[in-house]
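**Student:** Pasted the sequence and its predicted model underneath.
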There are 2 protein chains.
Amino acid sequence: MTVEPAITPAPRVLETGGGVVISVDAMGGDRGPAVVVAGMAESAEKNPEIQFIVHGDEAQLRSLIGKRKSLAGRCDIRHAGSVVTMHDKPSQVVRKGEGSSMWSTIESVKQGEAQVAVSCGNTGALMALSMLRLRKLPGVNRPAIACLWPSRNPQGFNIMLDVGADIRADAHDLLQYALMGASYARNGLGVSQPRVGLLNVGTEEHKGRSELKQAHDLIDAAAGSGNFDYVGFVEGGDLPSSRVDVIVTDGFTGNVALKTGEGTAKLVGDFLKDAFSNSIMSKFAAVLAMTSLKRLQKRIDPRRVNGGIFLGLNGTVVKSHGSADATGVSAAIKLAFTLAKSGFQDRLAARVAQGAAASANAAETGASS
Amino acid sequence: MTVEPAITPAPRVLETGGGVVISVDAMGGDRGPAVVVAGMAESAEKNPEIQFIVHGDEAQLRSLIGKRKSLAGRCDIRHAGSVVTMHDKPSQVVRKGEGSSMWSTIESVKQGEAQVAVSCGNTGALMALSMLRLRKLPGVNRPAIACLWPSRNPQGFNIMLDVGADIRADAHDLLQYALMGASYARNGLGVSQPRVGLLNVGTEEHKGRSELKQAHDLIDAAAGSGNFDYVGFVEGGDLPSSRVDVIVTDGFTGNVALKTGEGTAKLVGDFLKDAFSNSIMSKFAAVLAMTSLKRLQKRIDPRRVNGGIFLGLNGTVVKSHGSADATGVSAAIKLAFTLAKSGFQDRLAARVAQGAAASANAAETGASS
């Protein structure tokens, strides 16, 4: 694995005996705190290094956590009196969200008590609060949400960003996404020299989208110093391909692509179920094919790719799916753990700073030439 | 089926004994003219009403067609000395494409000899030539390419447009897409009161994409007179859903979504194959599950949805996949036949004219109020 430039600021992070502390919002998901605590227990069993700071209704959490042996002595419960719901508007949450479990979860990262925050809550509100409390990294104009995409690559996933933090992105934002995505691929997926592609619509002559042409040149120029390979423009069909590890796009296009992919996988899955329940004979065949079908299901199981990452802030936030079950929550926590353990946040900050400097240099050179 | 307003201009179209004439470019596809002629033969067998004008190398075509009984006496062969390749740039084809089979194919529609054109050739070149020779319908600023999307609806497909004719679309273009898509749903899929949705990224507060908000209002206002229902904003996950029949978006987003959907379906299909070839036991299971798997394959078979339609021109052009086999070509011809038979082109023109008038009225009313 390529080592990211070692910029070591004063340690913001409390290391508990070499362990990793994850700050968890227990309240925001569709299924309530019981499922979140079950997911924490699953992670804790598999991983003795994880410690938690858990935010939510204290009495409820104390009772739920008390029932889990694997969590004994590993949770610091912080009472939060209110909950951000899925229907709350981000702007309201920013004004009135103090005291909520979501706010408190982010605060633990801001204060350096925990390395990464995990929440199943309202995405818009979580991003708004993260921006407000953690602030953007110097050099980042628009933070991004990065998702994992099942792929044909050895690591099993590709990374796509932005999938919805902002509906716009200019060329410099796209360059930052490339740098942040490459850093995530190195630290989260263990890809030493990530291949980055820029999402576009084919290679024909295009009249517009000048920001893509400009981003193309900027990313190409940054590849060498950024320790990644730039493969150029890629298309929607390349999202799961093995010719690229990181796909860069604006948040509008990325969000449509993400939801289209999820919707298509679900459609094919439903058609598959229909096909096997069509007759007695096909039901019989399904029983015999069970192992194979389960193998398929495991490979495209959305719970395995649970966890959008907010990138470009002074702190890492993992957004778990609102409807995640215990396995999904556990997957999000595992991702948070991997990133914390790799020192991702500091490495990312160093990359972004380097990129911003290079970009400014390029602009200057461009202007003077 | 709702009857579209009957505007009957002087008949531009040669009806051959009540039959339908399809103009076919035999040369442009990846697999050459043999596959195209095989597809024509498949359609001709199923459908005694179809007649063809076939464009390409005369000697080659005469030999290929001579071997097909079902095509005897039903093909008018037009020699074309050159072929537009997949690598030709649209701008070059516009300047130098006269004499190519693609040019000649479109010309037959322009001259009223055939009702619909079908080509497996280079999409960009086909659109450029279609624009040049057929010209845009009055009231249409940007023509669109509409595709069929496998869905949970009774008709089996939803329609999405634009999937790549133009990378931009303003609010008025999106309104035209809604009108054209609804007309296509009525005439091509037999949906009497199509439900139209506008692709967006969720229902949270958004800062930008003002053209989508404006299009939202325009389409909503046009629904009543346009004989369609407007369901509002939809997301990527709704593309195959049963709450909508027509999805409207700009050509950049639509193209990414289309290719993402195709790529995802292919990925799941490949994973399914892997799952069933994993062990001797699973191979055995696959044999038993064959009927069910074939049923699935048929349902998501891209050859069944073969045929992007160019909308907004003075003539209908069906773009078949470049790599289409005989079944794929036959599907594209069937679609062309259905549209020709329904009098789609004139109905579409009437809709667009009506929409443009309504839109102008609305703008005037808006200005005076």
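**Tutor:** Thanks, I have the structure now.
**Student:** how far away is the residue in the stretch 1-150 of chain A that chain B sits nearest to from residue A:103?
**Tutor:** Among the residues of the stretch 1-150 of chain A, residue A:124 lies closest to chain B, at 4.4 Å counting by Cβ to the nearest Cβ. (Glycine included, C-beta is placed from N, CA and C.) Using Cβ to Cβ, to the nearest Å, residue A:124 is found at 14 Å from residue A:103.
**Student:** ditto for residue A:271
**Tutor:** 43 Å.
**Student:** got the contact list for residue A:174?
**Tutor:** A:198, A:211, A:212, A:215, A:218, A:219, A:248, A:249, A:250 (Cβ atoms under 8 Å, 6 or more residues apart in numbering or on different chains).
**Student:** Quick check: it is in a strand.
**Tutor:** No - if the criterion is DSSP: H, G, I helix; E, B strand; the rest coil, then residue A:174 is helix and not within a strand.
**Student:** And the pLDDT for it?
**Tutor:** In this model, residue A:174 is scored at 96, pLDDT.
**Student:** and what of residue A:92?
**Tutor:** 88.
**Student:** what about the one helix or strand it maps to, near chain B?
**Tutor:** Taking DSSP states H and E as the criterion, residue A:92 maps to helix A:90-96. Yes - applying Cβ under 8 Å from any Cβ of the partner chain, one finds that helix A:90-96 is in contact with chain B at A:90, A:91.
**Student:** Verify the assumption that residue A:182 is located in a helix.
**Tutor:** Yes - using three-state DSSP, the secondary structure at residue A:182 is a helix.
**Student:** Just give me the neighbour total for it.
**Tutor:** When neighbours are counted by other Cβ atoms under 10 Å in any protein chain shown, residue A:182 registers 32.
**Student:** which residue packs closest to it, ignoring adjacent ones?
**Tutor:** Among residues not flanking residue A:182 along the chain, residue A:228 sits closest, at 4.0 Å (Cβ to Cβ, 6 or more residues apart in numbering or on different chains).
**Student:** How many residues are close by residue A:83?
**Tutor:** Residue A:83: 20 neighbours (other Cβ under 10 Å).
**Student:** any idea what sits nearest it, other than its immediate chain neighbours?
**Tutor:** Closest to residue A:83 by Cβ to Cβ, 6+ apart is residue A:27, at 4.4 Å.
**Student:** Using just helix, strand and coil, how would you label the one you found?
**Tutor:** Applying three-state DSSP: residue A:27 is coil.
**Student:** Now narrow the contacts of residue A:174 to whatever sits close to chain B.
**Tutor:** Answer for the contacts of residue A:174 near chain B (Cβ under 8 Å from any Cβ): residue A:249.
**Student:** With pLDDT and distance to residue A:331 as extra columns, can I get the contacts of residue A:174 in CSV?
**Tutor:** As requested, the contacts of residue A:174 are exported to CSV (pLDDT from 0 to 100; distance: Cβ to Cβ, whole Å):
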residue, pLDDT, distance to residue A:331
A:198, 95, 28
A:211, 89, 34
A:212, 92, 33
A:215, 94, 31
A:218, 93, 34
A:219, 95, 30
A:248, 97, 24
A:249, 97, 24
A:250, 95, 27
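**Student:** CA atoms only: put the host helix or strand of residue A:336 into PDB for me.
**Tutor:** Assigned by DSSP H and E, residue A:336 belongs to helix A:326-341. C-alpha atoms of helix A:326-341 as PDB (Å, rounded to 0.1, in the frame of the first residue of the first chain):
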ATOM      1  CA  ALA A 326     -27.900  -5.200  12.200                       C
ATOM      2  CA  THR A 327     -25.700  -6.600   9.400                       C
ATOM      3  CA  GLY A 328     -25.900  -3.300   7.500                       C
ATOM      4  CA  VAL A 329     -25.000  -1.300  10.600                       C
ATOM      5  CA  SER A 330     -22.100  -3.700  11.300                       C
ATOM      6  CA  ALA A 331     -20.800  -3.200   7.800                       C
ATOM      7  CA  ALA A 332     -20.900   0.600   8.200                       C
ATOM      8  CA  ILE A 333     -19.000   0.300  11.500                       C
ATOM      9  CA  LYS A 334     -16.500  -2.000  10.000                       C
ATOM     10  CA  LEU A 335     -15.800   0.600   7.200                       C
ATOM     11  CA  ALA A 336     -15.500   3.300   9.900                       C
ATOM     12  CA  PHE A 337     -13.000   1.100  11.800                       C
ATOM     13  CA  THR A 338     -10.900   0.400   8.700                       C
ATOM     14  CA  LEU A 339     -10.700   4.100   7.900                       C
ATOM     15  CA  ALA A 340      -9.900   5.100  11.400                       C
ATOM     16  CA  LYS A 341      -7.200   2.500  11.700                       C
END
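**Student:** what separates that helix from the chain centre, distance-wise?
**Tutor:** Here the centre of helix A:326-341 is set off from its chain's centre by 10 Å, with Cα atoms, centre = their mean, to the nearest Å.
**Student:** From the contact counts, what lies against it?
**Tutor:** Contacts defined by 3 or more Cβ pairs under 8 Å, 6 or more residues apart in numbering or on different chains; DSSP states H and E place helix A:326-341 against strand A:20-25, helix A:33-46, strand A:116-119, helix A:171-189, strand A:316-319.
**Student:** To residue B:136, which of these lies closest?
**Tutor:** Residue B:136 sits nearest to helix A:171-189 of all these, at 31.8 Å, using Cβ to Cβ.
**Student:** picking that back up, wasn't the residue of the stretch 1-150 of chain A closest to chain B part of a helix?
**Tutor:** Yes - using three-state DSSP, the secondary structure at residue A:124 is a helix.
**Student:** how near is it to residue B:160?
**Tutor:** Distance from residue A:124 to residue B:160, by Cβ to Cβ: 26 Å.
**Student:** ok, now residue A:258?
**Tutor:** For residue A:258 relative to residue B:160 (Cβ to Cβ), the value is 17 Å.
**Student:** do residue A:294 as well
**Tutor:** Relative to residue B:160, residue A:294 is positioned 33 Å away (Cβ to Cβ).
**Student:** So between those two, which is more surrounded?
**Tutor:** Remark: of residue A:294 and residue B:160, residue B:160 carries more neighbours, 31 against 12, as counted by other Cβ under 10 Å.
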